[in-house]
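Novice: okay, here's the prediction I keep looking at, along with the sequence it came from:
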Amino acid sequence: MTMVCHRPEGLEQLEAQTNFTKRELQVLYRGFKNECPSGVVNEETFKQIYAQFFPHGDASMYAHYLFHAFDTTQTGSVKFEDFVTALSILLRGTVHEKLRWTFNLYDINKDGYINKEEMMDIVKAIYDMMGKYTYPVLKEDTPRQHVDIFFQKMDKNKDGIVTLDEFLESCQEDDNIMRSLQLFQNVM
């Protein structure tokens with residue numbers, strides 16, 4: 001059985017396309033190759049890697065959604081370029097880029113808006129990922145309450161869906177969201 005290896009495009013090109021320096025890209029590539037020697041990661045491997053960060057919960061559904069947000073070409077695999085592009089946005093992108101990326105994560109079926117079912121799936125996946133040992137202990141209807149609060153805040157015209165424009169506007173009006181977007185600004 002032969003393993004097909006993927007070599008990323010030139011570092012100079014990635015440096016131009018991302019907010020990382022050549023040196024940072026080299027460090028990221030070494031780490032990526034260490035976890036994914038073939039140079040690509042499939043969804044199952046992605047889930048296994050992601051699960052290590054949440055040992056008390058089940059991160060598989062959230063990792064599934066995250067994987068599909070990273071896999072922008074919908075090929076069923078994430079190359080280093082896909083990974084580093086998303087990481088660049090999440091760590092060093094503009095507020096608008098980060099919010100657009102997050103919207104895309106929540107828009108599970110990629111129809112251009114977030115409906116209550118999609119948001120419920122995301123919220124449940126987050127609760128599953130955090131595990132049973134959260135404090136305070138979660139009630140059965142907590143995910144639904146979070147979805148209702150999300151829609152009260154985000155669904156400006158009350159039509160039952162959240163568009164990208166509504167999402168961007170609502171997030172930018174919320175000081176807590178804006179602060180959270182800055183949390184990882186200087187990670188690397």
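Specialist: Great, that's in hand.
Novice: any idea which element the closest residue to residue 50 other than its chain neighbours lies in?
Specialist: Nearest in space to residue 50, with sequence neighbours left out and distances taken as CB to CB, 6 or more residues apart in numbering, is residue 63 at 4.0 Å. The way it works is simple: take the backbone N, C-alpha and C, and place the C-beta from them, glycine included. Here residue 63, judged by DSSP states H and E, is contained in helix 60-70.
Novice: now that helix: how far from the chain's centre is it?
Specialist: 7 Å (CA atoms, centre = their mean, to the nearest Å).
Novice: buried stuff in that helix?
Specialist: Buried positions in helix 60-70, judged by neighbour count with 16 or more other CB atoms under 10 Å: 60, 61, 62, 63, 64, 65, 66, 67, 68, 69, 70.
Novice: Serialize those to CSV and add fields for pLDDT and distance to residue 153.
Specialist: Formatted as CSV, the buried residues of helix 60-70 follow (pLDDT from 0 to 100; distance: CB to CB, whole Å):
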residue, pLDDT, distance to residue 153
60, 95, 28
61, 96, 24
62, 95, 21
63, 96, 26
64, 97, 26
65, 97, 21
66, 95, 23
67, 96, 27
68, 96, 25
69, 95, 22
70, 95, 27
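Novice: between those residues, which sits nearest residue 171?
Specialist: Closest approach to residue 171 among the buried residues of helix 60-70 (CB to CB): residue 69, at 16.6 Å.
Novice: so that closest one makes contact with residue 101?
Specialist: Yes - if you go by CB atoms under 8 Å, residue 69 and residue 101 touch, sitting 7.1 Å apart.
Novice: now for the two: what residues contact both?
Specialist: Common neighbours of residue 69 and residue 101, counting by CB atoms under 8 Å, 6 or more residues apart in numbering, are residue 86.
Novice: show me the shaky parts of the protein.
Specialist: 1-9, 132-140, 184-188 (pLDDT under 70).
Novice: domain-wise, how is it divided?
Specialist: With domains defined by the TED database, the chain comprises 21-92, 110-187.
Novice: ok, and what's touching stretch 45-61?
Specialist: Contacts of stretch 45-61 (CB under 8 Å, 6+ apart): 35-36, 41, 62-64, 66-67, 70, 78, 121, 124-125, 128-133.
Novice: mind saving the C-alpha coords of the helix holding residue 63 as PDB?
Specialist: Extracted in PDB, the C-alpha atoms of helix 60-70 (Å, rounded to 0.1, in the frame of the first residue of the first chain):
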ATOM      1  CA  SER A  60     -16.600  14.100  17.700                       C
ATOM      2  CA  MET A  61     -19.500  16.200  16.500                       C
ATOM      3  CA  TYR A  62     -17.900  19.500  17.100                       C
ATOM      4  CA  ALA A  63     -14.700  18.200  15.400                       C
ATOM      5  CA  HIS A  64     -16.900  17.100  12.500                       C
ATOM      6  CA  TYR A  65     -18.200  20.700  12.100                       C
ATOM      7  CA  LEU A  66     -14.800  22.200  12.600                       C
ATOM      8  CA  PHE A  67     -13.300  19.800  10.000                       C
ATOM      9  CA  HIS A  68     -15.800  20.800   7.400                       C
ATOM     10  CA  ALA A  69     -15.100  24.500   8.100                       C
ATOM     11  CA  PHE A  70     -11.300  23.800   7.500                       C
END
